[in-house]
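>>> have a look at this prediction, sequence included:
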Amino acid sequence: IGYQMLISSTIPLDSGLSSDSAFNVSSTIVPLSVYGLREKYTRTEMIKEMLLEDKGAGISSDGMNKIVSLFAQKNTVKNIDLNPIKLTTVPLPSCATFVIANSLTPIPKLLTAGTRQNKRIVECRLAIILLELKHGFITDPHDKKIINYSDFQGALGTSSEGMLALVQKYIKREPNTTETLTSALGCPLVDVVKDIPNY
């Protein structure tokens, strides 16, 4: 059984307003509904499938925009933890106002993945590995116990100010090169980043 689907949206493309996530979510839910399979998949299962679609397109994504698209509730915000996915609902005060702005400077994610989206993810993961090494949390850069900033902060049991001091102490402001990173890691850079999704 085939079907034709037309998706229409008022979200500007390539403007940082998650038009790709909106398309991803709608193009996942509609076929499941058409074939009567909507209730057979949990929202978490659908998100995992959508992340695989992103990976197939060459995009590194943590799925936060997709998660909130599927789990959003009126008058609340979601605190999202990943790996595994865990959501905490936080009620919004009645006076809260969100301003969503379009800079009018398009950034096509698929065309700039290697220089923007994926590059940023690689840079952030590398920074955490360097902090773990310098702080003595790990001795081998391949032993990536922690992959994000908040989990590392929790493991150290320190404040935001403490983390800022750690970053200022160990992460230099000057641009890094492959050579300086290889020296800091104690092994070839490619050996460390090859496991980061879609490097």
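Ah, there it is.

>>> hey, which helix or strand in this protein has the poorest pLDDT?
Lowest mean confidence among the helices and strands of the chain (mean pLDDT, DSSP states H and E): helix 109-112, at a mean of 64.

>>> give the next helix or strand downstream of that helix.
Using DSSP states H and E, the helix or strand that follows helix 109-112 in sequence is helix 117-134.

>>> residues in contact with the helix or strand following that following helix?
Per DSSP H and E, the first helix or strand lying C-terminal to helix 117-134 is helix 149-156. The contact list for helix 149-156 (C-beta atoms under 8 Å, 6 or more residues apart in numbering) reads 124, 128, 131, 132, 135, 137, 145, 146, 160, 162, 163, 166. In this view, the C-beta of every residue, glycine as well, is placed from N, C-alpha and C.

>>> distance of the third one relative to residue 119?
In other words, residue 131. Going from residue 131 to residue 119 by C-beta to C-beta, to the nearest Å gives 19 Å.

>>> more crowded one of these two?
residue 131 (21 against 14; other C-beta atoms under 10 Å).

>>> mind listing what the nearest residue to the more buried one once chain neighbours are set aside touches?
Leaving aside its chain neighbours, residue 131 sits nearest to residue 170 (5.7 Å; criterion: C-beta to C-beta, 6 or more residues apart in numbering). Residue 170 sits next to 130, 131, 134, 135 when contact means C-beta under 8 Å, 6+ apart.

>>> now the buried members of these.
Buried subset of the contacts of residue 170 (neighbour count, 16 or more other C-beta atoms under 10 Å): 130, 131.

>>> what's the most distant pair in the contacts of residue 170?
Pairwise distances across these peak at 9.3 Å for 130 and 135 (criterion: C-beta to C-beta).

>>> OK, contacts around residue 189?
Counted by C-beta under 8 Å, 6+ apart, residue 189 has contacts 178, 181, 182.

>>> nearest to residue 44 among the residues you listed?
Closest approach between the contacts of residue 189 and residue 44, by C-beta to C-beta: residue 181, at 35.2 Å.

>>> the closest one: what secondary structure?
Of the three states, residue 181 takes helix under DSSP: H, G, I helix; E, B strand; the rest coil.
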